[in-house]
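Enquirer: got a sequence here, can you build the structure:
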Amino acid sequence: MSQIPPAPPKPPQTDAQEQPQPTSTSFPSLDILPTEEQEEPRRTGARSRDSVTSAEAQRKQVGRISAALLAVLFGFNVAYMSRDWSEDELKDKRLTSENSPSTRWGRTKARFKYMLGYFSEPAWPELLPPPYPAPHQKPYTLIVSVDDLLVTSIWDRQHGWRTAKRPGVDYFLAYVSQFYEVVIFTTQHLYTAAPILDKLDKYGFFISHRLHREATRSLNGHVVKDLSYLNRDLSKVVVLDTNPEHVSTHPENAIILPKWDGSQGDRGLVAMIPFLESIAIYKPTDVRPIITAYQGKDIPLEYAKKEAEGKQRHIEEWKKKKQGSPNPFAAMFGLGSQTEPVPLTYLEQKRKEAQRNYLEEQAYIEKNREQLDKLLEQDRQMMAAQVPSNLWDAIDQMKGGPPKPEEGKEEKDKEVQSPAPSTK
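Expert: Take a look at the predicted model:
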């Protein structure tokens, strides 16, 4: 019989190769998954949400203190804003003790609204300077719009944007300026309206003041020309405009005219002159009831009827007076059959005088146009010389320093002042 060779010796098992011994039990084990070794958690350096450093805790503490201080200061400010009105404050806000809020909350709300009014109120509390003393100040103020009233802008492919003057606008401004303090109030900005107004009133004879977009007020999202900021007696203010929203705060002062569509045969602006001159000639104490009576009507047509009726009454009264007191000298010399002309009414006399003054003023301008243009050019050069040429000149002017003279201007002045050498 052959012998079975002995089995080779088993290598010694290490600790890592040792297998756990199953516990003795009468039932077989159903756990067929190998056991895993649980690793110890490693530190990654990340912080948990609940952990707060000392710097963060200090910042939170400072934030709480700042918020508390702001709340206290806000409370003090609210309490201060609810104080009683002073006389200067009422005057500045154009209020009186009767119509000003009387409760603490009302005063606080009014003062906060006044602070936020920088973005919706006009740039100045008084848009016009104080009126001149009598007799230099004209008794009535005429507020005139620009867009679609005095001019209109037209665009075409060939020329682009062009601005056209309304027929009769030059005569209108020159004539009514005898009776009114003419103020141009436009919603345009200064840089777009100034060139137009310079063309309408080249020498500054007819337009007394100019107000632009920064003088308007924002009310419920609309641009409004608030007349309460004018620094004028509103019983003596007449407004000509084409947009009712622009005068929504004072409709009793406003005459709304149809917009000019650019037609060359338009007479709407000149047709308003008899109505405006009658107000200035008869001098009513308050123009608002008169304007209100004509609202919704064709003012030139309605006023022409009123003036014709007044003229007819004047003629009838004159005839009655003429029949009641016949002239004996006319009958003696056989002049009774000659018809005596009807004398002019008071309105017609003043109108004739105003038309004569207009013609004289136009003749003066035409006669001295060359000299006026020369003075206008000198003013333009003086204003251009005051414009800083660089940043340092601008800073000097902001500090209050005088503008620097033009280069070579001193030498030219010396040459002009020094007498010319004698040729003898």
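Enquirer: state the mean pLDDT of the longest helix along the chain.
Expert: Assignment by DSSP state H gives helix 54-81 as the longest helix of the chain. Averaging pLDDT along helix 54-81 gives 86.
Enquirer: so which bits of it are buried?
Expert: Residues of helix 54-81 classed as buried by neighbour count (16 or more other C-beta atoms under 10 Å): residue 81. All C-beta spots, glycine's among them, are computed from the backbone N, C-alpha and C.
Enquirer: and that helix, how far from the chain's centre?
Expert: Put simply, helix 54-81 sits 39 Å off its chain's centre (C-alpha atoms, centre = their mean, to the nearest Å).
Enquirer: cool, stretch 380-393 as well?
Expert: With C-alpha atoms, centre = their mean, you get 27 Å for stretch 380-393.
Enquirer: show me where the stretch 151-300 of the chain has strands.
Expert: 151-156, 160-165, 180-185, 209-211, 217-219, 222-224, 237-241, 254-256 (DSSP state E, counting those that start in this stretch).
Enquirer: closest one to residue 91 among these?
Expert: Nearest to residue 91 among these is strand 217-219 (19.0 Å), distances taken as C-beta to C-beta.
Enquirer: so what does that closest one touch, helix or strand wise?
Expert: On a contact count with 3 or more C-beta pairs under 8 Å, 6 or more residues apart in numbering; DSSP states H and E, strand 217-219 meets strand 222-224.
Enquirer: parallel or antiparallel, list what pairs with the strand it packs on.
Expert: Strand pairing for strand 222-224, using DSSP bridges, gives strand 217-219 (antiparallel).
Enquirer: who does the longest helix of the chain touch, helix- and strand-wise?
Expert: Looks like helix 54-81 contacts helix 104-116 (3+ C-beta pairs under 8 Å, 6+ apart).
Enquirer: thinking again about what came up before, helix or strand right after the longest helix of the chain?
Expert: helix 87-92 (DSSP states H and E).
Enquirer: what is the mean pLDDT for that following helix?
Expert: 76.
Enquirer: chain center to it: distance?
Expert: The answer for helix 87-92 is 23 Å, by C-alpha atoms, centre = their mean.
Enquirer: who's in contact with that helix?
Expert: With contact meaning C-beta atoms under 8 Å, 6 or more residues apart in numbering, helix 87-92 is reached by 96-97, 100, 125.
Enquirer: what do you get for stretch 98-114?
Expert: Contacts to stretch 98-114, defined as C-beta under 8 Å, 6+ apart, come from residues 78, 81-85, 90, 93.
Enquirer: what ranges do the helices span in the stretch 201-350 of the chain?
Expert: Ranges of helices within the stretch 201-350 of the chain are 273-282, 288-294, 299-324, 328-332, 346-367, based on DSSP state H, counting those that start in this stretch.
Enquirer: follow-up on the earlier one: nearest to residue 132, of the strands of the stretch 151-300 of the chain?
Expert: Of the strands of the stretch 151-300 of the chain, nearest to residue 132 by C-beta to C-beta is strand 180-185, at 8.9 Å.
Enquirer: returning to what we had before: tell me the two of the contacts of helix 87-92 that are most distant?
Expert: Across the contacts of helix 87-92, no pair lies farther apart than 97 and 125, at 19.0 Å, counting by C-beta to C-beta.
Enquirer: quick one: which of those two has more around it?
Expert: The residue with more neighbours, out of residue 97 and residue 125, is residue 125; 12 against 9, by other C-beta atoms under 10 Å.
Enquirer: the more buried one and residue 215: what is the separation?
Expert: Note on residue 125: its distance to residue 215, by C-beta to C-beta, to the nearest Å, is 11 Å.
Enquirer: residue 134 too?
Expert: According to C-beta to C-beta, residue 134 and residue 215 sit 26 Å apart.
Enquirer: between those two, which one's more packed in?
Expert: Using other C-beta under 10 Å as the criterion, residue 134 and residue 215 rank with residue 215 on top: 20 against 8.
Enquirer: check contacts around that one.
Expert: Residue 215 makes contacts with 122-124, 127, 185, 225, 229, as judged by C-beta under 8 Å, 6+ apart.
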